[in-house]
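Chemist: Okay, sequence plus prediction incoming.
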Amino acid sequence: MSILVIKLLTSILLMTSLMDCQSIDKKFFPNFETFSKQVNNVEIYGVKGGSGPPLLLLHGHPESHLEWHLVASELAKNFTVIASDLRGYGHSSAPKGSASHVEYSKREMAKDQVLLMESFGYKKFHVCAHDRGARVTHRMAMDWPDRLERAMLLDIAPTLAMYELTDQKFATAYWWWFFLIQPSPIPENFINARPDWWIDNRFPRPTEETEEFKKTLRNPAYVHAVCEDYRASATIDLDHDRRDREQGLKVQCPLRVLWGQNGTIGRLFHALDLWHTVAVNVTGRAVPSGHDIPELVPDILLDEVYEFFRV
């Protein structure tokens, strides 16, 4: 099969998948519009709806903007909600990574989202982010302090602290951190062999949105992107974090951190203490949840968002 035919078939598959996603978006995000914008040399896909102060929602691994479907419509009553796919996830671009992993550094991923918000006319905005999206937001707050009004981070501790405090319990609980950072194509080959299993392992009860996550990971480019995201976190991202620490730089915007009391962060880390070491104005608490706060306790999250963002 010629390279031209392969590229054509790939384009057809991506277009079909995008049309399917837009159909699901209409169901999960009524009265929202879909968008695909070129910023920072990638295409960023997502949904936008509502009115009021701009609120950017960023998802975790291995999900997409669909993670926010239980809270987005309610938030749109008080905010202009932009729920986007990070590069390498959902229907955003998945560029090939290089030896430095810079393409998936949280610095580049944060820049994508800042420029996306700028493309909508927002020079200042709020962010609520989970998991990988929260790590992107941490870097965004450091690199673009004039853009973030307030930020809420869900179920993470600072990346550098988590690596430096790694012990057997954490390495066992978060085994994929240490699997995905292995050199290419070791983890890629394993996941490409059974991409649906990767999602089923993460989400044991299949839903309509998890089927969308499976469709994404059936494309090897997105499997590579996920691995590069984690490789960057263990290399170039740590360099950036260490430089901030050496220079005494901290997050300046008001920061609210929530973690699931039944999850790994709640069990193995003193999350609030760790965030106090990297932010000047931080509050937070455990909530009765596991890792996936937006999906497990959406009502609690909505209350927290309204209280913190002062709606």
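Modeler: That came through fine.

Chemist: for the stretch 1-150 of the chain, what spans make up the helices?
Modeler: 3-28, 72-75, 106-119, 132-143 (DSSP state H, counting those that start in this stretch).

Chemist: Give me the residues contacting the shortest one.
Modeler: Contacting residues not belonging to helix 72-75 are listed as 28-32, 47, 49-50, 55, 57, 81, 83, 302, 305 [Cβ atoms under 8 Å, 6 or more residues apart in numbering]. The way it works is simple: take the backbone N, C-alpha and C, and place the C-beta from them, glycine included.

Chemist: go on, the third one?
Modeler: Residues from elsewhere that reach helix 106-119 (Cβ under 8 Å, 6+ apart): 37, 39-40, 42, 44, 46, 54, 56, 58, 82, 84, 86-87, 92, 102, 123, 125, 135-140, 143-144, 147, 229, 232-233, 236-237, 240.

Chemist: All the strands of the chain, residue numbers only.
Modeler: Counting by DSSP state E, the chain has these strands, from start to end: 33-39, 42-50, 54-58, 80-84, 125-130, 148-154, 255-260, 282-287.

Chemist: What residues sit buried inside the first one?
Modeler: Meaning strand 33-39. For strand 33-39, the neighbour count (16 or more other Cβ atoms under 10 Å) marks Thr34, Phe35, Lys37, Val39 as buried.

Chemist: My guess is the third one contacts Glu43. True?
Modeler: Yes. Assessed by Cβ atoms under 8 Å, Lys37 is found in contact with Glu43 at 7.0 Å.

Chemist: Pro53 is in contact with Phe79, correct?
Modeler: Yes. Phe79 lies in contact with Pro53 (Cβ under 8 Å); the separation is 5.6 Å.

Chemist: ok, those two, which is more surrounded?
Modeler: For Phe79 and Pro53, the more surrounded residue by other Cβ atoms under 10 Å is Phe79, and the numbers stand at 25 against 17.

Chemist: So that one versus Leu86, what's the distance?
Modeler: 20 Å (Cβ to Cβ, to the nearest Å).

Chemist: again, but for Met142
Modeler: Applying Cβ to Cβ to Met142 and Leu86 gives a distance of 17 Å.

Chemist: same question, Glu211
Modeler: In terms of Cβ to Cβ, Glu211 sits 20 Å off from Leu86.

Chemist: The two: which is more packed in?
Modeler: Leu86 (30 against 14).

Chemist: ok, and for stretch 44-64, which residues are buried?
Modeler: 44-50, 53-64.

Chemist: same question, stretch 182-198
Modeler: Within stretch 182-198, judged by 16+ other Cβ under 10 Å, the buried ones are Pro187, Glu188, Phe190, Ile191, Asn192, Pro195, Trp198.

Chemist: Name the nearest residue to the third one, sequence neighbours excluded.
Modeler: Spatial nearest neighbour of Phe190, chain neighbours left out: Phe179 (7.9 Å); criterion: Cβ to Cβ, 6 or more residues apart in numbering.
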